[in-house]
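> Sequence plus the predicted model coming up.
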Amino acid sequence: MNVQAAKLAILFDDFGYQAKNENQVLKMPINVSIAIFPNAPDSQQMMQKAHQQGREILIHLPMQPISKQPLEKNTLTPDMSSQEVKRIVDQAIASIPYAVGINNHQGSKMTSSLSGMQNVMQAMAPHHLFFLDSMTIAGTKSVQAAQGTSVKVIKRNVFLDDVQNNAEIRHQFQRAIALARRNGFAIAIGHPHPSTVAAVQQELANLPSDIQLVRPSDLLNATVSHNPRPVPTPQPVKPVKPKSKAKGIASCPLKQKVPPVYAGAMFEVLGDSIKNSSLVNFVERQFSGWGKAPEQVAPQLLQTPPPIAEPPKR
């Protein structure tokens, strides 16, 4: 098995009623698996053909849905006793002896019942079968119910033919491929309708090279062992340690060396700037005669100001 490829399992449910279409499914690659009703008219014929091919077989076990609709014979219900559940499970396994697992037909009411599914898992455990949850309801209790037993649980990711037209079925097939690439594996379930058979045949003929078609049992340990596209570990970047102990943001290096600026030159520039300022020039002019003889003082500073005229006497 190519451990680098994303793994896709395809299962066709409802085998036993449509022999003509089911025979078309049996012409598909050997890793396309089937789930057979225990008590349908063509179940034994389809089981024998699939087994001779070496194809993986599951029991398509009827379970009670929430909605009101016709039920198959021996449909499991939450209110059944553990003994009744065991009787039906044992009988189904005896009817389809080549099965390696069980998946639910309908069953939204049954699979959402913890006590009901615990009865199923306890009945399955001695037979060493796995359970593929068709996920007909989000609140399924299959995983919780299997705890404490030897039964392994895997789950359906995509229903191929909820909408039975070629374009939509092929769209769902591509969605399953995308999920397989993202998670490493995916399980898609379809039914032997002519539209589904034709669409899946088209998609399998153009299966991408990075997708490997596998059996459902190949994915029993998928969450642990299958990781076909691990994210590469980035090489660690060695941090540049600053020479000083002070912490700060590293600066970008300059392309040209900056010439040093010495303190003497800096004070010379500051001195010239202060010396030429207008404030300093004014002070120099006002105090240029401080401590000098009168003749050394600028003439404009020695002029006697004109007397202030007195106001006329009244």
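On my side now, so go ahead. Numbers count the residues shown, from 1 in each chain.

> Tell me how many other residues crowd the residue lying closest to Leu76 once chain neighbours are set aside.
Once flanking residues are discounted, Leu76 sits nearest to Met63: 4.7 Å by C-beta to C-beta, 6 or more residues apart in numbering. The way it works is simple: take the backbone N, C-alpha and C, and place the C-beta from them, glycine included. Here the neighbour count serves as a burial measure; for Met63 (other C-beta atoms under 10 Å) it reads 25.

> right, and Met63 touches Ser113 too?
No. Assessed by C-beta atoms under 8 Å, Met63 is found out of contact with Ser113, at 9.5 Å.

> Give me the contacts around stretch 70-88.
The set of residues external to stretch 70-88 that reach it, using C-beta atoms under 8 Å, 6 or more residues apart in numbering, is 37-39, 61-64, 91-92, 105-107, 109-110, 113, 115-116, 119-120, 122-123.

> Please identify the buried residues of it?
72, 74-78, 80, 85-86, 88 (16 or more other C-beta atoms under 10 Å).

> Stretch 193-212 too?
Applying a neighbour-count criterion of 16+ other C-beta under 10 Å, the buried positions in stretch 193-212 are 193, 195-197, 199-200, 203-204, 211-212.

> Which of those fall within strands?
Under the assignment DSSP state E, the buried residues of stretch 193-212 contribute 211-212 to strands.

> what's the closest residue to Arg215 other than its chain neighbours in contact with, if anything?
Leaving out its chain neighbours, the residue that sits closest to Arg215 by C-beta to C-beta, 6+ apart is Glu56, at 4.3 Å. By C-beta under 8 Å, 6+ apart, the residues touching Glu56 are 31, 33-34, 100, 215-217.

> Just put these in JSON lines and tack on secondary structure and pLDDT.
Compiled in JSON lines, those are given as follows (DSSP: H, G, I helix; E, B strand; the rest coil; pLDDT from 0 to 100):
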{"residue": "Asn31", "secondary structure": "coil", "pLDDT": "98"}
{"residue": "Ser33", "secondary structure": "strand", "pLDDT": "98"}
{"residue": "Ile34", "secondary structure": "strand", "pLDDT": "98"}
{"residue": "Val100", "secondary structure": "coil", "pLDDT": "98"}
{"residue": "Arg215", "secondary structure": "coil", "pLDDT": "98"}
{"residue": "Pro216", "secondary structure": "helix", "pLDDT": "98"}
{"residue": "Ser217", "secondary structure": "helix", "pLDDT": "98"}
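
> so where do the helices sit in this structure?
Assignment of helices within the chain using DSSP state H yields the ranges 19-25, 43-53, 82-95, 108-111, 114-124, 142-146, 166-183, 194-205, 222-225, 263-275, 278-286, 299-302.

> Of those, flag the one that's most buried.
Each of the helices of the chain was assessed for mean neighbour count using mean count of other C-beta atoms under 10 Å. The highest is helix 108-111, with a mean of 24.

> Next one: the residue nearest to Gln174 when sequence neighbours are not counted, what pLDDT does it get?
Excluding the flanking residues, the one nearest Gln174 by C-beta to C-beta, 6+ apart is Glu203, at 7.6 Å. Reported pLDDT at Glu203 in the predicted model: 98.

> Tell me who's in contact with Glu203.
Residues in contact with Glu203 (C-beta under 8 Å, 6+ apart) are 170, 173-174.

> got the end-to-end distance for stretch 36-52?
Start to finish, the residues bounding stretch 36-52 are 15 Å apart (C-alpha to C-alpha, to the nearest Å).

> what sits up against that stretch?
Stretch 36-52 is touched from outside by 14-19, 22-23, 26, 34, 57-62, 72-74, 91-92, 95-96, 98-99, 105, with contacts defined as C-beta under 8 Å, 6+ apart.

> got the CA coordinates for stretch 37-49 in PDB?
C-alpha atoms of stretch 37-49 as PDB (Å, rounded to 0.1, in the frame of the first residue of the first chain):
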ATOM      1  CA  PHE A  37     -29.000  -6.600   3.200                       C
ATOM      2  CA  PRO A  38     -29.300  -9.800   5.300                       C
ATOM      3  CA  ASN A  39     -32.700 -10.700   4.000                       C
ATOM      4  CA  ALA A  40     -33.100  -9.300   0.500                       C
ATOM      5  CA  PRO A  41     -34.000 -11.500  -2.500                       C
ATOM      6  CA  ASP A  42     -30.600 -11.300  -4.300                       C
ATOM      7  CA  SER A  43     -28.400 -11.100  -1.200                       C
ATOM      8  CA  GLN A  44     -26.900 -14.600  -1.400                       C
ATOM      9  CA  GLN A  45     -26.200 -14.300  -5.100                       C
ATOM     10  CA  MET A  46     -24.400 -11.000  -4.700                       C
ATOM     11  CA  MET A  47     -22.500 -12.200  -1.700                       C
ATOM     12  CA  GLN A  48     -21.200 -15.200  -3.500                       C
ATOM     13  CA  LYS A  49     -20.100 -13.200  -6.600                       C
END
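
> Please consider this matter closed, and thank you.
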